[in-house]
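Asks: turn this into a structure:
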Amino acid sequence: MVKMIPDNTGRFAKRPFFTEKELDGDCERLIRELLLKRHGKVEYPVLTDDLTVLIENHDAELDCYADLRAYGDDVEGVTEFFPEKGPKVSISEHISGDDRRENRYRTTLTHEFGHVKFHGPLWAEKFATGDLLDRRPHANKAVSKRDNILNAPHHHSINDLVEFLAGTSRDALVR
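Replies: Got it, this is the predicted structure:
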């Protein structure tokens, strides 16, 4: 059972604290259920198409060929949350359109899925309580830069935490 702890950054009232075992278990269960539903069996490696379906099955819109240059040259994925609909996941066309970057594309898909699955409930609660006072341009977005994904310290800021948790779920999904 995930434990909710105070979020000292002010972005959310509380944030989840997941153990690695909890994240691994949730991700393994999600992949197993998806594979059984789609293929009638669990077989590895997980297909890239299965990863896109995983995102879409969680009420998220997926744009695999997004131009994310407005966020910076090193941004590979963005997950945006809305009060009236599911999240939108955007993956940079630079990684999705390049066959040589298939592994990077797959890990970015699973990373962004981590935002949808594990951070979506935080946004839903924030929107439901009318707590929409944060007017910064990217306040409702998880902007994923390659270096932040791979090296995010889980104790500095909520954005670091969000990237760390999404990265941990990505690792569990692509094993």
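Asks: and the strands in the protein?
Replies: 3-6, 14-17, 61-66, 75-80, 88-92, 141-145 (DSSP state E).
Asks: redo those as a markdown table? Include mean neighbour count.
Replies: Bear in mind the C-beta positions are built from the backbone N, C-alpha and C, glycine included. As requested, these are arranged in a markdown table below (neighbours: other C-beta atoms under 10 Å):
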| stretch | mean neighbour count |
| --- | --- |
| strand 3-6 | 10 |
| strand 14-17 | 15 |
| strand 61-66 | 16 |
| strand 75-80 | 23 |
| strand 88-92 | 25 |
| strand 141-145 | 22 |
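Asks: redo these as a markdown table? Include mean pLDDT.
Replies: What follows is the strands of the chain, written out as a markdown table (pLDDT from 0 to 100):
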| stretch | mean pLDDT |
| --- | --- |
| strand 3-6 | 87 |
| strand 14-17 | 84 |
| strand 61-66 | 97 |
| strand 75-80 | 95 |
| strand 88-92 | 97 |
| strand 141-145 | 84 |
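Asks: residue 37: which of these is closest?
Replies: strand 61-66 (17.9 Å; C-beta to C-beta).
Asks: dump the closest one to PDB, keeping only the CA atoms.
Replies: Taking Å, rounded to 0.1, in the frame of the first residue of the first chain, the C-alpha atoms of strand 61-66 are listed here in PDB:
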ATOM      1  CA  GLU A  61      -3.700  10.900 -25.600                       C
ATOM      2  CA  LEU A  62      -0.400  10.000 -27.300                       C
ATOM      3  CA  ASP A  63       1.500  12.000 -29.800                       C
ATOM      4  CA  CYS A  64       4.600  10.100 -30.800                       C
ATOM      5  CA  TYR A  65       5.900  12.600 -33.300                       C
ATOM      6  CA  ALA A  66       5.800  15.900 -31.300                       C
END
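Asks: circling back to that earlier point, and the strands of the chain as TSV, adding distance to residue 43?
Replies: Formatted as TSV, the strands of the chain follow (distance: least, C-beta to C-beta, whole Å):
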stretch	distance to residue 43
strand 3-6	34
strand 14-17	31
strand 61-66	23
strand 75-80	26
strand 88-92	24
strand 141-145	28
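Asks: out of those, which is closest to residue 126?
Replies: Nearest to residue 126 among the strands of the chain is strand 14-17 (10.7 Å), distances taken as C-beta to C-beta.
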